[in-house]
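Participant: need a structure here:
(chains A and B)
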Amino acid sequence: ELKVEQNPLFLSMQEGKNYTIYCNYSTTSDRLYWYRQDPGKSLESLFVLLSNGAVKQEGRLMASLDTKARLSTLHITAAVHDLSATYFCAVDRDDKIIFGKGTRLHILP
Amino acid sequence: DAGITQSPRYKITETGRQVTLMCHQTWSHSYMFWYRQDLGHGLRLIYYSAAADITDKGEVPDGYVVSRSKTENFPLTLESATRSQTSVYFCASSPVSFTDTQYFGPGTRLTVL
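Facilitator: Predicted structure coming up:
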């Protein structure tokens, strides 16, 4: 059974700091996705990671994938308040997409 | 406007009633999906569709029915609503394959009393 675990589930941090969100999954997977959700809003795609060692960056967010460790990370550099949101990773295998429970990120000004 | 829309945005109903949530996309995407989002569970896939007249079960299909007679529409019906179906429902679409990036609608908040 494919399981996806994110940690931490809640994170409060100061502006300007760096931090990493972790996404572990239980079985081999074809792709890993990162989404962002603002409070009361829908989900927005951030990254799709397709292969081992893949790294993608946009602005202050950088995502990486280690398929051997079954681990993806979402790194936040010099956080700003606008990045406050809930971040989800999701993994697909055999026509099933399983989402993690999300990491609620609160960045203090 | 182009994109993916859901209606209604908010719905309150009673246990045992039938409810249909609508989803419409203007991109001609092949795949469409229904998710529910509950606190503590993240998003869970209910049903998906690869094309008109092709649907398949996701992780939590019980109590739900879908149809897809046209590419652009993918309604979700709760045949006899239960309190456990109180949730936020998101529709999504992806262009060609199951594993493409998915584009999400704004969501429908459903409360079953």
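
Participant: what mean pLDDT does stretch A:36-53 have?
Facilitator: The average pLDDT within stretch A:36-53 is 91.

Participant: which parts of it are buried?
Facilitator: Neighbour-count burial for stretch A:36-53 flags A:36-37, A:42-43, A:45-49 (criterion: 16 or more other CB atoms under 10 Å in any protein chain shown). Where C-beta positions appear, they are placed from N, C-alpha and C, glycine not excepted.

Participant: swap in stretch B:52-60?
Facilitator: Along stretch B:52-60, these residues count as buried under the neighbour rule (16+ other CB under 10 Å): B:52, B:55, B:58-60.

Participant: circling back to that earlier point, which ones among the buried residues of stretch A:36-53 map onto strands?
Facilitator: A:36-37, A:43, A:45-49 (DSSP state E).

Participant: near chain B, from these?
Facilitator: The residues of those that also fall near chain B, by CB under 8 Å from any CB of the partner chain, are A:43, A:45, A:48.

Participant: any low-confidence regions in the chain?
Facilitator: Picked chain A for this. In the prediction, chain A carries no residues with pLDDT under 70.

Participant: meant chain B actually
Facilitator: B:1-2.

Participant: thinking again about what came up before, can I get the buried residues of stretch B:52-60 in TSV including distance to chain A and secondary structure?
Facilitator: What follows is the buried residues of stretch B:52-60, written out as TSV (distance: CB to the nearest CB, whole Å; DSSP: H, G, I helix; E, B strand; the rest coil):
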residue	distance to chain A	secondary structure
B:Ala52	18	coil
B:Thr55	12	strand
B:Gly58	7	coil
B:Glu59	7	coil
B:Val60	12	coil
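
Participant: for those residues, which one is nearest A:Asp95?
Facilitator: A:Asp95 has its nearest neighbour among the buried residues of stretch B:52-60 in B:Gly58, at 9.2 Å by CB to CB.

Participant: residue contacts, the closest residue to that closest one other than its chain neighbours?
Facilitator: Take B:Gly58 and drop its neighbours on the chain: the residue closest to it by CB to CB, 6 or more residues apart in numbering or on different chains is B:Leu45, 3.1 Å away. By CB atoms under 8 Å, 6 or more residues apart in numbering or on different chains, the contact set of B:Leu45 is A:96-97, B:33-35, B:58-60.
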